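Q: Here's a sequence, model it:
(one chain, ligands or ions: 1)
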Amino acid sequence: MNRIDQTFARLRELGETALIPFVTVGDPDVGSTVEIIKQLEQSGADLVELGVPYSDPLADGPVIQRASERALKNNITMLDCIETAAQARQAGVQLPFILFTYFNPVLQFGIERFFELIRTKEISGLIIPDLPIEEDAEVRELAEASGIYLIPLVAPTSKDRIKRIASQAKGFVYCVSSLGVTGVRSDFHAGIDEFLATVREACDVPIAVGFGISSREHVERFSALCDGVVVGSAIVRQIEDALPLLGDGSKRETGLGQIGDFVKQLKG
Ligand SMILES: O=P(O)(O)OC[C@@H](O)[C@@H](O)c1c[nH]c2ccccc12
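A: Residues are numbered from 1 along each chain as shown. This is a model prediction of the structure:
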């Protein structure tokens, strides 16, 4: 059974909502990312999205764009990102790893070669936000053959595509809470509750909501409607604020602790 299924089944038993952080791999470096993933797990994260930095992150707001720039400055490669999952598992992290990448880096790496690699490196799920269901046949086939869940995104504008997307979904469906790019926001799409209810209705798999979630109140608000919440920018911002500490050996634990405290209060 895929770790993603196991995790959602366990949380359903406990009546808990999955907390799914997103972090950019290599921000500020691979070693720090492994430490941060360990801290996320210790602080209550249930799954983790490992973002492959990309030079043209069209759906990302400024916080994640800056994280990508920092990681790319360190020449982080797709290989590094995939190895990070294996290193975190070797370090004892049990979380399901969801590799998050735009499609271009996969194309550049070579689709076949990409799946040959990730199938052996502890990756349980894959999110490619700019690969619509209408064009994902080859990737979907390779993912299924690799036992890796291709997790689709649906947005409030997805309307009549929701049923089709939901019917093929594995792992969970990622519901984008608002139009526009990632980033902390105080309000969500006007019809968000109806949208989530529609997706819930169409899905046999769990649903998680992301975009703009940054507080315990947000998590509670969506816990009634979803099985999981994704938090990216707010956590990446904590990493950004902790960079000076993460870069100073004697203060590294303090920096990791700061990130952990933020995540703990989200989990509640
Ligand atoms: O950053 P936010 O607003 O918390 O949203 C999650 C988001 O970061 C993460 O899931 C993500 C990062 N880049 C993306 C691009 C498209 C969709 C989703 C994403």
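
Q: going forward, measure contacts and count neighbours with C-alpha atoms only.
A: Will do.

Q: Cys226: what's it in contact with?
A: Going by CA atoms under 8 Å, 6 or more residues apart in numbering, Cys226 touches 17, 196, 200, 206-209.

Q: Contact residues of this protein facing the ligand?
A: Taking CA under 6 Å from any ligand atom as the contact definition, the chain meets the ligand at 22, 59-60, 129, 182-184, 210-213, 230-234.

Q: Those residues: which two are farthest apart?
A: The span of these, defined through CA to CA, is set by Pro129 and Ala234 at 19.3 Å.

Q: more neighbours, the two?
A: Ala234 (24 against 17; other CA atoms under 10 Å).

Q: That one contacts Gly210, correct?
A: No: contact criterion CA atoms under 8 Å: Ala234 and Gly210 do not qualify, at 11.4 Å.

Q: residue ranges of the strands in this structure, please?
A: With DSSP state E as the criterion, the chain has strands at 18-24, 48-51, 97-100, 123-127, 149-150, 153-154, 173-176, 207-210, 228-231.

Q: returning to that earlier point: ok, the contacts of Cys226 vs Arg164, which is closest?
A: Closest approach between the contacts of Cys226 and Arg164, by CA to CA: Arg200, at 13.2 Å.

Q: Against the ligand, how distant is the closest one?
A: 19 Å (CA to the nearest ligand atom, to the nearest Å).

Q: Could you check the pLDDT of that residue?
A: Note on Arg200: pLDDT of 96.

Q: Measure how buried it is and give me the count.
A: 20.

Q: got a list of what it touches?
A: 206-207, 226.

Q: could you redo the last one with a cut-off of 10 Å?
A: Contact analysis of Arg200 by CA atoms under 10 Å, 6 or more residues apart in numbering lists 166, 173, 175, 194, 206-208, 225-227.

Q: same check, this time on Cys175
A: 152-156, 158, 192, 195-196, 199-200, 207-211, 226, 228-230.

Q: could you list every residue that touches the most centrally placed residue in the chain?
A: The centre of the chain sits closest to Glu49, judged by CA atoms, centre = their mean, with a distance of 2.7 Å. Going by CA under 10 Å, 6+ apart, Glu49 touches 20-25, 37, 96-101, 125-127, 230-232.

Q: try Val23
A: Val23 is in contact with 33, 36-37, 40, 48-53, 64, 67-68, 100, 231-233, 235-237, 239, counting by CA under 10 Å, 6+ apart.

Q: Show me what it is bridged to.
A: Here Val23 sits in beta bridges with Leu50, going by DSSP bridges.

Q: Tyr149 too?
A: Judged by DSSP bridges, the bridge partners of Tyr149 are Gly125.

Q: how many neighbours does it have?
A: By other CA under 10 Å, 23 other residues sit near Tyr149.
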